[in-house]
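Trainee: A predicted structure for the sequence below; I have some questions about it.
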Amino acid sequence: MKTANNARNVAYYRNTEDTFFLALLCESFPSRFLTKEAQHAPYSICPLKLCSACVLQDIGLNYDGGSNLGVGPFEARSHVPIYCACGTVKQIEKRDSVLTPKQQIERLTRPGSTYINLNPFEVLQIDPEATDEELKKRFRQLSILVHPDKNQDDPDRAQKAFEAVDKAYKMLLEPEQKKRAIDVIQAAKETIEHNMKEKRKALKKEGKSPILEEDDPEIFKQSVHKQTMKLFAELEIKRKEREAKDMHERKRQREEEIEQEEKAKRDKEWQKNFEESRDGRVDSWRNFQANKKGKKEKKQRSFLKPPKVKMEQR
């Protein structure tokens, strides 16, 4: 079932679970799709499930903004339109090589860019084996294309795109961060290779041909690309969860410190008041004792006083 709203260019689809969701029609990059039938396709019939929308759904970041995790790419925006724009890696690379400033801004700010831009090599569209000089040259090219001053018709998104390029470049200037990014890409490749090995074992056990679609270098590259996106997104989710947990723990510790400080202050105030009241009680007791002793001595003196003698008259 499909109906279209031409004014907003949004199509409503019913997926395999018989529930509705929105899919934004892709007009910018229709060449990404493998077939004409796949153009403007929803996730349920996406042939590769390689684009940002598909990959993010695969790891549980759905249209509701990933509310269960609280770190989805569409925070506080329910039923956000997304688009499916899968295609072969060669098609994507060919298209990206001739992107205009407007298209580069679109690429760097598209739905799901929060997670897609975690891969600095993806942001700068440069190979991990590139030299520092090539990296510097690529940064200059992209930063000029998306600079807000040169895109005054769309300054907000241009600023966001420029910040993504600048952040990616600075990450790759740091040897440790660059190595971490390369390790993620390598881990994605090893994961695909391991999965292929397990698939071959299963096929041989069933007496079937061990030939896989990933044996095609192009499809293998697509699979690695998709797995790389997933790993970067998953690592970011875990990082945010740790950050939230650490923040909660720091808040709890601070609250305990404040409570202890207030308790110590109350104890000190009580002790001060007690000392002052004790001095007052001691002085009062001494005064009482002194007054009591004085009255007793006065009483004793008056008791021993002899009576007056009257003279007898004759």
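Mentor: Structure received. Worth saying up front: this structure is predicted, and the values here are computed from it rather than measured.

Trainee: give me the residues contacting the helix or strand encompassing residue 102.
Mentor: For residue 102, the element it lies in under DSSP states H and E is helix 101-109. By Cβ atoms under 8 Å, 6 or more residues apart in numbering, the surrounding residues in contact with helix 101-109 are 28, 96, 99, 117, 123, 142, 145-146, 150-151, 154, 157-158, 160-161, 164-165. Any C-beta I mention is one placed from the backbone N, CA and C, and that applies to glycine too.

Trainee: repeat that for 7 Å
Mentor: 28, 99, 117, 123, 142, 145-146, 150-151, 154, 157-158, 160-161, 164 (Cβ atoms under 7 Å, 6 or more residues apart in numbering).

Trainee: from those, keep the buried residues only.
Mentor: 99, 117, 123, 142, 145-146, 151, 154, 157-158, 160-161, 164 (16 or more other Cβ atoms under 10 Å).

Trainee: out of the residues you listed, list just those in helices.
Mentor: Members of these lying in helices (criterion: DSSP state H): 123, 142, 145-146, 157-158, 160-161, 164.

Trainee: format the residues you listed as CSV; extra columns: distance to residue 213 and pLDDT.
Mentor: As requested, those are arranged in CSV below (distance: Cβ to Cβ, whole Å; pLDDT from 0 to 100):
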residue, distance to residue 213, pLDDT
123, 29, 93
142, 33, 94
145, 36, 93
146, 36, 93
157, 37, 93
158, 40, 94
160, 37, 94
161, 35, 94
164, 33, 95
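
Trainee: which one of those residues is nearest residue 266?
Mentor: The closest of these to residue 266 turns out to be residue 160 (Cβ to Cβ; 50.7 Å).

Trainee: check contacts around that closest one.
Mentor: residue 109.

Trainee: check the gap between it and residue 114 for me.
Mentor: For residue 160, the distance to residue 114 (Cβ to Cβ, to the nearest Å) stands at 10 Å.

Trainee: now do residue 198
Mentor: Applying Cβ to Cβ, the value for residue 198 to residue 114 is 32 Å.
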